[in-house]
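> fold the following, please.
(one chain, ligands or ions: 2)
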Amino acid sequence: MTAHEELGRVLFTSRRIARRVQQLGAEITRDHQGRDLVLVGVLKGAAAFTVDLARAVDLPVVMDWAAVSTYGRGSAPGTPRLLKDVDEDLAGRDVLVVEDILDTGTTLSWLMDRLRERSPASVNCCVLLRKPHALVEPVRPRYVGFDLTQHWVAGYGIDYAERHRNLGDIHEVLLPSAALPASS
Ligand code: IMP
Ligand code: MG
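Ligands and ions are numbered 1, 2, ... in the order given. Modelled structure (predicted):
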């Protein structure tokens, strides 16, 4: 299979994403005046989004990273595991988790619960894409880039089988639904 055969049309252009990221950055800036804000990007899918978002925030923001495996080899679906913890002490600080996609909410609700155990002043999340119909866990993101109804996407940090993270636009993935991987 050649590089982009598995990708369909562009759903969100890099231009449109960049515009939305600027708006989200402005909202986050307005909402966190005088606060001690820590952005926690969820690796790897939210890496590109987190870096761009941080640059759109006009505050002395701290960036940190966490990595969660939701469907690890040998573990049942819905049992997340922390692959990489944050480095920062979160006590008394405003934590904003930055994630690529909110699907069922399993990953985010679990991670936010873990971070709440560190005595932060607040824990909220900002997701680039939300799949509203798939949501089963009660996660209410404070900031949402776009709502999405299509089943599977890749590009702008988001992968399909680790491919396509480098693309600037977000594409739909063209494989039959039976071949689609579980969330990771
Ligand atoms: P949740 O735990 O069910 O909310 O799944 C969220 C995670 O699944 C995201 O962090 C993504 O890593 C992954 N995911 C969900 N939908 C997609 C997609 O369309 N493309 C790539 N990854 C996805
Ligand atoms: Mg992810």
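> now the nearest residue to Leu24 once chain neighbours are set aside: how far from Trp152?
Here the nearest residue to Leu24 in space, its sequence neighbours aside, is Tyr143; by Cβ to Cβ, 6 or more residues apart in numbering that works out to 5.3 Å. Yep, even glycine has a C-beta here, placed from its N, CA and C like the rest. For Tyr143, the distance to Trp152 (Cβ to Cβ, to the nearest Å) stands at 23 Å.
> same deal with Val61?
Distance, Val61 to Trp152, by Cβ to Cβ: 31 Å.
> ok, now Val127?
Between Val127 and Trp152 the distance is 16 Å, computed by Cβ to Cβ.
> which of these two has more neighbours?
Between Val127 and Trp152, counted using other Cβ atoms under 10 Å, Val127 has the larger neighbour count: 25 against 22.
> up against ligand 1, what does this structure have?
Taking Cβ under 6 Å from any ligand atom as the measure of proximity, the chain contacts ligand 1 at 45, 70, 99-108, 152-154, 158, 183-184.
> okay, and which of those map to helices?
Cross-referencing the residues of the chain next to ligand 1 against helices under DSSP state H gives 106-108.
> now the residues you listed in JSON lines, with pLDDT?
Putting these into JSON lines (pLDDT from 0 to 100) gives the following:
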{"residue": "Thr106", "pLDDT": "90"}
{"residue": "Thr107", "pLDDT": "91"}
{"residue": "Leu108", "pLDDT": "94"}
